[in-house]
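J.: Have a look at this prediction, sequence included:
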Amino acid sequence: MPVPAIETENLSKEYPHGFLHLKKKTSLEGLTMQVQEGEVFGLLGPNGAGKSTTIKLLMGIIFPTAGSARMLGKPVSDVAMHRDIGYLPEQPYFYDYLTATEVLDYFALFHGYNAAERRERVQKMLRKVGLETAGKIQLRKYSKGMLQRVGLAQAILHDPNLVILDEPMSGLDPVGRREVRDIILELKKAGKTILFSTHILPDAEILCDRVGVIAGGRLRGVGAPGAIVGVKATGMEIAFELPEGAAMAEQIQAKAEKTGAAYRIGVSESELYRTLEELRAAGARIVSVTQIKPTLEDFFMELVGKDRAQASAVEVSAQ
Amino acid sequence: MSRVLIVARNTFREAVRDRVLYNLLFFALLMIASAVVVGQISMSIETVVMISLGLSAISLIGLLIAVFTGVGLVSKEIDKRTLHAVLAKPLRRWEFLLGKFAGLALTLAVNTAAMTAGLFTALWLVKHSLERGDVAVLAAVYFILLKLMLVVALAMLFSCFTSPLLAILFTGGLYLAGLFVSELRSLKLTTLTPQMQKFFAVLSYVLPNFGNYDVMGAAAHGRKIAGMLILHNTLYTILYCAIVLCVAAVIFSRKDLK
């Protein structure tokens, strides 16, 4: 049986707080999960859910209160395994007195590359993240998005087998997000294992083989992104345009909302065909019919509201 | 290149780019001004004044850099979260700590060497010659450098478990207390209980003895510095720094970063 790329068992983290640190705040509670080799796994959750805590525990930035974690078959305390792991921190900060070229060269030194190899790899990474013309500029002059790109470059500089990205799309414009998505897909194609955290559902839907949903420090569900969200579809939305002078049925008019020249109406699946018939009879032009999926926020709110005792991880099947 | 050296080299580069070495300009101006002023006073004490002033300036500037930069070496990296990406590399926390120490030690060594060169230049300008007795100045500078290493180690230790402000206060306080270790040992504390006497006796050996490094007076008057004292201070600094850095490494290795 192949060894999982990432494996956690009952991983928990409590932070002391309050006067004399006597109180405890639970940031992560009993996380048990596996990420298989070659898989793209998304950790989803609202802000403060425990995603970054999980990643920091894996990277040895913080230490667990209970439980254990292994990566590439070794305990996370084994720093030597970092040779084969790339990590992008959330909102990455680097030495701002260095240029992008210098900071990448500095990180490459830890992997034992000689000067020629470092030069070649650094240039290749700068090209890959679209910073080839900004390589000689000090990082203190970089925008947030540019720093994110440097962060991504240093994470994959040494061609690691396991890449861990904490909010990789954060701070990026649409072009940047697209480029990062392409890089993740490229890594996936190369057979790398990728774990990344996000609170943006479309990113997860496009990129992930499986997602794990964390809320309130607990893993609430693991499964294919379509399965987790798809089972929760709440209805259909019809967008239509009405010719001048045409009249809608009363019950449709009561529910329809006008945006510009078009109307939108939300109906249940059972009402869909009857509503379409009525609209056709009224002379409406149907612009689109789309399935209404709850937003990730809705999904989280529902999960968070559940009884915590029943909130242990469940495998959500695609059926 | 060893991982400790990689971190050390970058720490030195950081100090240079953060303009830490700009203090040399201030030192150069001080030495030029001193040379001009000292030239107006008695020939017999001009050398003593120049050397005392130069060594005091080297010590004070070095101490300011050692305390403030030393405290910031680790705490700044934690606050700015630059450590997260660094520790994701195959680098152990103690290697990072040792590299930071070595980098600042190198910075202080370069800084002190440059200031020493400035002092000797000023001396030559005043006396138009250098004498054999001036070698004692080099020994005094060496002791200042040893003292600075110890201060950096202490600053790093405190910054591993407390806030930068408290770390500065603790380091400064310990330095001041360490200047009076000899006095503490020679005190006759007859009014105290035997337990308290024992406590102060132990304390006088636990505190870093910064008084040992003060040979400025002897150097200014051209007196020879004993070889045994140089050996003693060297070994004392190495041992004390090793213990302090080991404790710092243990604390830092278990610390949750934010």
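T.: Thanks, I have the structure now.
J.: Contact partners for the residue most central in space within chain A?
T.: When CA atoms, centre = their mean is applied to chain A, the residue found nearest the centroid is residue A:198 (2.7 Å). Contacts for residue A:198 (CB atoms under 8 Å, 6 or more residues apart in numbering or on different chains) come out as A:42-44, A:167-169, A:204. Yep, even glycine has a C-beta here, placed from its N, CA and C like the rest.
J.: In helices, which of those fall?
T.: Counting by DSSP state H, the part of these found in helices is residue A:204.
J.: for the contacts of residue A:198, which one is nearest chain B?
T.: Taking CB to the nearest CB as the measure, chain B lies nearest residue A:167 of the contacts of residue A:198, at 12.7 Å.
J.: Contact partners for that closest one?
T.: So residue A:167 contacts A:51-52, A:90-91, A:196-199 (CB under 8 Å, 6+ apart).
J.: Can you redo these as JSON lines, where the extra columns are secondary structure?
T.: Formatted as JSON lines, the contacts of residue A:167 follow (DSSP: H, G, I helix; E, B strand; the rest coil):
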{"residue": "A:51", "secondary structure": "helix"}
{"residue": "A:52", "secondary structure": "helix"}
{"residue": "A:90", "secondary structure": "coil"}
{"residue": "A:91", "secondary structure": "coil"}
{"residue": "A:196", "secondary structure": "strand"}
{"residue": "A:197", "secondary structure": "strand"}
{"residue": "A:198", "secondary structure": "strand"}
{"residue": "A:199", "secondary structure": "coil"}
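J.: Can you turn the buried part of the residues you listed into a ChimeraX selection?
T.: To isolate the buried members of those in ChimeraX, using 16 or more other CB atoms under 10 Å in any protein chain shown:
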select /A:51,52,90,196,197,198,199
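J.: re the thing from before, quick check, nearest of the contacts of residue A:198 to residue A:112?
T.: Nearest to residue A:112 among those is residue A:168, at 26.2 Å by CB to CB.
J.: wait, that closest one sits on residue A:152?
T.: Yes: contact criterion CB atoms under 8 Å: residue A:168 and residue A:152 qualify, at 6.5 Å.
J.: what residues are shared contacts of those two?
T.: Contacts common to residue A:168 and residue A:152, judged by CB under 8 Å, 6+ apart, are A:88, A:180.
J.: Pull the number of nearby residues for the residue nearest to residue A:267 when sequence neighbours are not counted.
T.: For residue A:267, ignoring the flanking residues on the chain, the nearest one in space by CB to CB, 6 or more residues apart in numbering or on different chains is residue A:275 at 5.0 Å. Under the neighbour criterion other CB atoms under 10 Å in any protein chain shown, residue A:275 is assigned a count of 21.
J.: Break chain A down into its domains, please.
T.: Domain ranges of chain A: A:6-230, A:235-292, per automatic domain parsing.
J.: isn't there a strand covering residue A:68?
T.: Yes: remark: residue A:68 belongs to a strand, assigned using three-state DSSP.
J.: in the sheet, who's paired with it?
T.: Assessed by DSSP bridges, residue A:68 has beta-bridge partners residue A:9.
J.: Could you report the neighbour count for it?
T.: 14.
J.: how about it, what does it touch?
T.: Contact analysis of residue A:68 by CB under 8 Å, 6+ apart lists A:8-11, A:75.
J.: From chain B, how far off is it?
T.: Counting by CB to the nearest CB, to the nearest Å, the gap from residue A:68 to chain B is 17 Å.
J.: Need the contacts of residue A:198 in JSON lines (columns: distance to residue A:139 and pLDDT).
T.: Listed next are the contacts of residue A:198 as JSON lines, based on distance: CB to CB, whole Å; pLDDT from 0 to 100:
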{"residue": "A:42", "distance to residue A:139": "28", "pLDDT": "93"}
{"residue": "A:43", "distance to residue A:139": "27", "pLDDT": "92"}
{"residue": "A:44", "distance to residue A:139": "30", "pLDDT": "88"}
{"residue": "A:167", "distance to residue A:139": "19", "pLDDT": "91"}
{"residue": "A:168", "distance to residue A:139": "18", "pLDDT": "91"}
{"residue": "A:169", "distance to residue A:139": "20", "pLDDT": "88"}
{"residue": "A:204", "distance to residue A:139": "29", "pLDDT": "83"}
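J.: just checking, which of the domains of chain A sits deepest inside the structure?
T.: domain A:6-230 (a mean of 19; mean count of other CB atoms under 10 Å in any protein chain shown).
J.: Near chain B, which residues of the stretch 151-300 of chain A? Just list them.
T.: A:151, A:154-155 (CB under 8 Å from any CB of the partner chain).
J.: just the contacts of residue A:167 now: which is nearest residue B:54?
T.: residue A:91 (46.7 Å).
J.: Let me see the contact set for the one residue in the stretch 201-319 of chain A that gets nearest to chain B.
T.: Closest residue of the stretch 201-319 of chain A to chain B, CB to the nearest CB: residue A:217 (15.8 Å). By CB under 8 Å, 6+ apart, the residues touching residue A:217 are A:26-29, A:49-50, A:53.
J.: Just the pLDDT at it, thanks.
T.: At residue A:217, the model reports a pLDDT of 88.
J.: returning to that earlier point: would you mind putting the domains of chain A into a markdown table with distance to residue B:20 alongside?
T.: Output for these, formatted as a markdown table (distance: least, CB to CB, whole Å):
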| stretch | distance to residue B:20 |
| --- | --- |
| domain A:6-230 | 11 |
| domain A:235-292 | 60 |
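J.: so which of the ones you listed gets nearest residue B:222?
T.: With CB to CB as the yardstick, what comes closest out of those is domain A:6-230 (42.9 Å).
J.: Check what contacts stretch B:93-104 and list those residues.
T.: Stretch B:93-104 is contacted by residues B:3-12, B:14-15, B:66, B:69-70, B:73-74, B:83, B:86-87, B:152-153, B:156, B:160, B:241, B:245, B:248-249, B:252-253 when judged by CB under 8 Å, 6+ apart.
J.: filter those by proximity to chain A?
T.: Restricting the contacts of stretch B:93-104 to those near chain A - CB under 8 Å from any CB - leaves B:3, B:6, B:10, B:14, B:83, B:86-87.
J.: I'd like to know which of those residues are part of helices.
T.: Residues of those located in helices (DSSP H): B:3, B:6, B:10, B:14, B:83, B:86-87.
J.: Neighbour count added to these, as TSV?
T.: Shown next, in TSV, are those (neighbours: other CB atoms under 10 Å in any protein chain shown):
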residue	neighbour count
B:3	18
B:6	21
B:10	21
B:14	21
B:83	20
B:86	21
B:87	21
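J.: Spell out the secondary structure type for the one residue in the stretch 151-258 of chain B that gets nearest to chain A.
T.: Scanning the stretch 151-258 of chain B for the residue nearest chain A gives residue B:256, at 4.2 Å (criterion: CB to the nearest CB). Three-state call for residue B:256 (three-state DSSP): coil.
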